[in-house]
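Participant: What shape does this take:
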Amino acid sequence: MTKTKSLIYCGLFTALIAAGAFIKVPVPVVPFTLQYLFTMLAGLLLGSKRGTISVVAYMILGLAGLPIFTEGGGLWYVFKPSFGYIIGFCLGTYVTGRIAEYLKRKTVFRYLLANLAGLMVVYVCGMIYYYIICNYVINTPIGIWPLILYCFLLAVPGDIALSILGAVVAKRIRPVVMQYLTDPKPIVSSVSEETAK
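Facilitator: Numbers count the residues shown, from 1 in each chain. The predicted model follows:
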């Protein structure tokens, strides 16, 4: 039963990440999507292993041809400079989930620190991949300073806001999710038993 529950939750978060790629928040200069929010929550709520599985499944489905990336899908996407951020989502989700698993006190602030650690992994992977693809693969050179400006400084404020939101949401929801994943009895049965009493 636990494996079935895990599969359901992993599938749910894979679907949420795919949907998040198309939910754009229209802020000045650099609009951002909710993709990062759902990858981060996958790590916080499902743990490092299940959360990473959700994100990797999303990446594989997109590379297989499903149009679930922000600009479509297909194997050709690996040549897009922004694909490094998707790789970063996989690693960042694992880091965030791993830190959350070892937190002795589950506070909003500590969840936020876990989120920020994962966010840094996302940006490091994304920027390195962006630089390599632009300068050595598709021959559209980009310097270090423009890379830092457009791929980090202008984009990171929105993701920090999402990190705060994710920490608040995780504090409220994680206990329920973890209980559901580990409890052999379905929640509906437990509620029915309590009502009967």
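
Participant: name the element the residue most central in space within the chain belongs to?
Facilitator: Most central in the chain under CA atoms, centre = their mean is Thr39, positioned 1.3 Å from the mean C-alpha point. In the assignment (DSSP states H and E), Thr39 maps to helix 35-63.

Participant: And that helix, what's buried?
Facilitator: 35-48, 50-59, 61-63 (16 or more other CB atoms under 10 Å). Bear in mind the C-beta positions are built from the backbone N, C-alpha and C, glycine included.

Participant: thinking again about what came up before, make sure the residue nearest to the centre of the chain is actually in contact with Ile17.
Facilitator: Yes: the pair Thr39 / Ile17 is scored as a contact, 5.7 Å apart, by CB atoms under 8 Å.

Participant: Please identify every residue contacting each of those two.
Facilitator: Contact criterion CB atoms under 8 Å, 6 or more residues apart in numbering; residues shared by Thr39 and Ile17: Ser54, Val55, Phe89.

Participant: from the residues you listed, which is closest to Lys24?
Facilitator: Set against Lys24, the nearest of the shared contacts of Thr39 and Ile17 by CB to CB is Phe89 (16.8 Å).

Participant: In contact with the residue nearest to the closest one when sequence neighbours are not counted, which residues?
Facilitator: Among residues not flanking Phe89 along the chain, Thr39 sits closest, at 4.3 Å (CB to CB, 6 or more residues apart in numbering). Taking CB under 8 Å, 6+ apart as the criterion, Thr39 is in contact with Ile17, Gly51, Ser54, Val55, Phe89, Gly92, Thr93.

Participant: Just give me the neighbour total for the last one.
Facilitator: A total of 33 residues lie near Thr93 under the criterion other CB atoms under 10 Å.

Participant: who touches it in this structure?
Facilitator: Thr39, Met40, Ala42, Gly43, Ser48, Gly51, Thr52, Ser54, Val55, Gly118.

Participant: Which phi and psi values does it adopt?
Facilitator: As for Thr93, its main-chain torsions (degrees, to the nearest 10) stand at phi -60, psi -40.

Participant: Any stretches of the protein with poor pLDDT?
Facilitator: By pLDDT under 70, the low-scoring segments of the chain are 1, 28-29, 183-197.
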